[in-house]
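Engineer: Okay, sequence plus prediction incoming.
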Amino acid sequence: QVQLVESGGGLVQAGGSLRLACAASGRTFSNYAMGWFRQAPGKEREFVAAFSWSGRTTYYGESVKGRFTISRDNAKNTVYLQMNSLKPEDTAVYYCAAGTGVRDYRSYAYWGQGTQVTVSS
């Protein structure tokens, strides 16, 4: 079992930055691929970024590539999502997840409660 708790969401103006954190407890997240997903009202859950199971490779969704950076602190069992140059279309609930896959949300077994990110124009 893995418990995930996200933090760091909030309201920011377009062009601004936020850093999300995902603290993991239970089984160490080094045993899992760790990902960030987001979901806006009326839209499907969208892949944002992830570490591979090994932790050596990072993946990004096309809409955030070059603006968002995923990182991890193994000592703190925490994964981060640095979000720069935010756009109104980045507004969504952001979820942290642990699982076996990378881009497919169905391959993630453990999910946090989500944190709201709102980008004003």
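Structural biologist: Structure received.
Engineer: Tell me how far the residue located most distally from the centre of the chain lies from Ala14.
Structural biologist: Using CA atoms, centre = their mean, the residue of the chain lying farthest from its centre is Ser121. It sits 22.3 Å away. Distance of Ser121 to Ala14, computed by CB to CB, to the nearest Å: 5 Å. Using the backbone N, CA and C atoms, a C-beta is placed for each residue, glycine as well.
Engineer: Need the residues touching each of these two.
Structural biologist: Pro88 (CB atoms under 8 Å, 6 or more residues apart in numbering).
Engineer: where does the residue positioned nearest the centre of the chain land on pLDDT?
Structural biologist: In the chain, the centroid-proximal residue (CA atoms, centre = their mean) is Trp36; its distance is 2.3 Å. Looking at Trp36, its pLDDT is 98.
Engineer: For it, list the residues it contacts.
Structural biologist: So Trp36 contacts Leu20, Cys22, Val48, Ala49, Ala50, Ile70, Val79, Leu81, Tyr94, Tyr95, Cys96, Ala97 (CB under 8 Å, 6+ apart).
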